[in-house]
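Chemist: need the 3D shape of this:
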Amino acid sequence: MSVRRLLVTAAAAMLGGLVLAAPAAAHDLAQSADVEAYTLTTARFWATAAALLGLAAAVIGGLARARSVRPIGRGGKKRAIVALVAGLIALVGGVLNLAVADGGPGTGNGVVAGALALLSGLTAAILGGLALSRSRRTG
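Modeler: Sure thing, here's the model as predicted:
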């Protein structure tokens, strides 16, 4: 499976899961503070998925930025677009997770992974945007 197909599938699953599972997850998000450190809650799962998507998008954005000086047609423009879109999805996922979190780190709300998703998604979007603008100038 290609990286592009993996990112598109992960983004579609994350967006579809957020829309379809929002009413069911709302009950799971209202938890007590008795969550253990290694318990995988729904909020931690979605925040971790967004963080992993953001990290993968940041890597792809870095590769696209490094290869954006080559002529178009070698995949640099496609990588830049994938990094930009996946980074924005991770950014939105991190912001939403932090917005609905009702506690700090260690409460089971995925605050740490949500912050990581926010930062890595922002980094990926910036790298993808820079690579895309550079590929347009050289093309």
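Chemist: tell me the helix or strand right after the strand or helix carrying W46.
Modeler: W46 belongs to helix 42-66 when assigned by DSSP states H and E. Next helix or strand after helix 42-66 toward the C-terminus (DSSP H and E): helix 76-100.
Chemist: quick one, the following helix or strand past that following helix and helix 42-66 angle?
Modeler: Going down the chain from helix 76-100, the next helix or strand is helix 111-138, by DSSP H and E. Per axes from the mean of the first three to the mean of the last three C-alpha atoms, to 10 degrees, the angle that helix 111-138 makes with helix 42-66 is 20 degrees.
Chemist: what packs against helix 111-138?
Modeler: Other helices and strands packing on helix 111-138, by 3 or more C-beta pairs under 8 Å, 6 or more residues apart in numbering; DSSP states H and E, are helix 42-66, helix 76-100. Glycine gets a C-beta too; all of them are placed from N, C-alpha and C.
Chemist: if we can go back for a sec, quick one, the helix holding W46 and helix 76-100 angle?
Modeler: Going by the same axes, to 10 degrees, helix 42-66 makes 150 degrees with helix 76-100.
Chemist: in helix 42-66, what counts as buried?
Modeler: Within helix 42-66, the residues scored as buried using 16 or more other C-beta atoms under 10 Å are 42-44, 46-65.
Chemist: that older thread, can you redo the helices and strands packed on helix 111-138 as a markdown table with distance to G121 and mean pLDDT?
Modeler: Output for the helices and strands packed on helix 111-138, formatted as a markdown table (distance: least, C-beta to C-beta, whole Å; pLDDT from 0 to 100):
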| stretch | distance to G121 | mean pLDDT |
| --- | --- | --- |
| helix 42-66 | 4 | 88 |
| helix 76-100 | 3 | 87 |
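Chemist: distance to G110 for those - can I get that in a markdown table?
Modeler: What follows is the helices and strands packed on helix 111-138, written out as a markdown table (distance: least, C-beta to C-beta, whole Å):
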| stretch | distance to G110 |
| --- | --- |
| helix 42-66 | 3 |
| helix 76-100 | 5 |
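Chemist: I am finished for the moment; much appreciated.
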